[in-house]
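>>> sequence plus the predicted model coming up.
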2 protein chains.
Amino acid sequence: MARPGRKEHVLDAAVTLFGRKGYHGTTVRDIARESGMLSGSLYAHIDGKEDLLFEIVARAADRFMVAVQPIAGGFGPASDKLRRAMAAHIRVVAGSRDAATVFLHEWTALSPQRRALIAEKRDAYEALFARIIREGVDCGEFRPLDERFARLTVLSALNWLYAWYTPGGPLGSDEVADKFAELFLEGFRQEGACRS
Amino acid sequence: MARPGRKEHVLDAAVTLFGRKGYHGTTVRDIARESGMLSGSLYAHIDGKEDLLFEIVARAADRFMVAVQPIAGGFGPASDKLRRAMAAHIRVVAGSRDAATVFLHEWTALSPQRRALIAEKRDAYEALFARIIREGVDCGEFRPLDERFARLTVLSALNWLYAWYTPGGPLGSDEVADKFAELFLEGFRQEGACRS
DNA sequence: AATGTAAACAAGCGATCGCTTGCCAAGATA
DNA sequence: TATCTTGGCAAGCGATCGCTTGTTTACATT
């Protein structure tokens, strides 16, 4: 009887190591050791090292998409959708920080064909945020923003989360999202600032 | 007579390759080929592969520091200092995009001691932005921001630049800085928004 | 108890890794 | 002219890379 959990176990080991040491910095022997077997035994479950990377990256991309898609397509004020989209993104990062790191950093190690596939997924994901921002501008809720800059800024903040956010820390993912949303929506400047 | 330009030439080759394929994804033979010599000849100029990485990363860190330090320590409104600090940062990225990429991504490949050294430099750099933000809050020019979040958000936007900014493109570094600064200072929300 | 099969191990393949060594041509120095 | 230094080449070191092969173990099914 096949134990379907074995491959998932290997994927878990790989995502941990890829996240910590990078794709090229991780050997198949590392992955095997982390999985509790020898390197040759890995090949009963996988076709090659790069397949592991692709599966990790593709799954991570899908998780982001699935989390934010319904929010971008839903109803409500753009500011609310933006806050909820950020919260959903952060929840994905918090739920699988290593996978998010690998998704953002190691996709360049893929073959050109697979890299193009991931680029498509990433573009589709970014389009969700572009849509929310355009909605906000069109309905007058947001200032006449440069959509590209606003989107890039929001995504930059989200994409850099992996570098400092610890899921077990004092801040829950929704609290972080609230703080980000407030920051982006209201800006830094005090009304009637002193301008010293 | 020693030709002092040779080592710089090797460093240039290394920063290009590290930026494109990562540290572990680049071999010393790659670096040698890019430098127009064979791998053995490299070792007349360097002590080892990791020394190249360290020198690249440390120099990049210093460039950021030198560019922003006088702005953070200078005079003027915090909003202006923030905009000028961002512009200075972006100029550094634009002037050496590969080095900035390596600085942000590949420092984890360094030995623990050297990694700690780079972490110190990075912390000192981030402190410059923290100082500007605190100044703005203290003098009342900024709202009572959470300094940590504001700093992280600004630095996220700056650190993600390498992923999309092309120095030869339509936007100059100062234009990008202006747009970022406006976005952060004024926020997304329109005064008297429709809140539909 | 006999058989089939999934999943592991032991061993090692060819290739490539970072790096070292011994050597030599060319230019500077004396 | 004789010597020394620089910066390169050719060759190859031991280690490790991703991966393959042949065999064995453990367990489910019959």
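Structure received.

>>> most residues in a single helix of chain A, which one?
Identified as the longest helix of chain A according to DSSP state H is helix A:112-138.

>>> can you give me the neighbour number for A:Glu135?
Neighbours of A:Glu135 under the rule other C-beta atoms under 10 Å in any protein chain shown: 18. From N, CA and C alone the C-beta is placed, and that goes for glycine too.

>>> what sits closest to it if chain neighbours are left out?
Closest residue to A:Glu135 apart from its sequence neighbours, by C-beta to C-beta, 6 or more residues apart in numbering or on different chains: A:Ala78 at 4.7 Å.

>>> got the buried residues for the host helix or strand of A:His9?
Using DSSP states H and E, A:His9 maps to helix A:5-21. Neighbour counts over helix A:5-21 (16 or more other C-beta atoms under 10 Å in any protein chain shown) mark A:Lys7, A:Val10, A:Leu11, A:Asp12, A:Ala13, A:Ala14, A:Val15, A:Thr16, A:Leu17, A:Phe18, A:Gly19 as buried.

>>> does that helix come close to DNA strand C?
Yes - residues of helix A:5-21 are located near DNA strand C by C-beta under 7 Å from any atom of the strand, namely A:Arg6.

>>> and that helix, what does it pack onto?
Counting contacts by 3 or more C-beta pairs under 8 Å, 6 or more residues apart in numbering or on different chains; DSSP states H and E, helix A:5-21 packs against helix A:28-35, helix A:49-72, helix A:97-105.

>>> mean neighbour count, distance to DNA strand C and mean pLDDT for those - can I get that in CSV?
Putting those into CSV (neighbours: other C-beta atoms under 10 Å in any protein chain shown; distance: least, C-beta to the nearest atom of the strand, whole Å; pLDDT from 0 to 100) gives the following:
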stretch, mean neighbour count, distance to DNA strand C, mean pLDDT
helix A:28-35, 17, 7, 92
helix A:49-72, 18, 12, 96
helix A:97-105, 22, 19, 95
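
>>> tell me the contacts of the residue nearest in space to the middle of chain A?
In chain A, the residue lying closest to the centroid (C-alpha atoms, centre = their mean) is A:Ala100, at 4.6 Å. If a contact means C-beta atoms under 8 Å, 6 or more residues apart in numbering or on different chains, then A:Ala100 has A:Ala60, A:Val92, A:Val93, A:Leu161, A:Tyr162 as its contacts.

>>> what separates the residue of chain A found nearest DNA strand D from A:Asp30, distance-wise?
Distances between chain A and DNA strand D by C-beta to the nearest atom of the strand are smallest at A:Gly40, namely 2.6 Å. In this view, A:Gly40 and A:Asp30 are 14 Å apart by C-beta to C-beta, to the nearest Å.

>>> for A:Leu171, same thing?
The value you get for A:Leu171 to A:Asp30, if C-beta to C-beta is used, is 32 Å.

>>> contacts for the worst-scoring helix or strand of chain A on mean pLDDT?
Lowest by mean pLDDT, DSSP states H and E among the helices and strands of chain A is helix A:39-42, with a mean of 85. Residues outside helix A:39-42 that contact it (C-beta under 8 Å, 6+ apart) are A:Val10, A:Val28, A:Arg29, A:Ile31, A:Ala32, A:Ser35.
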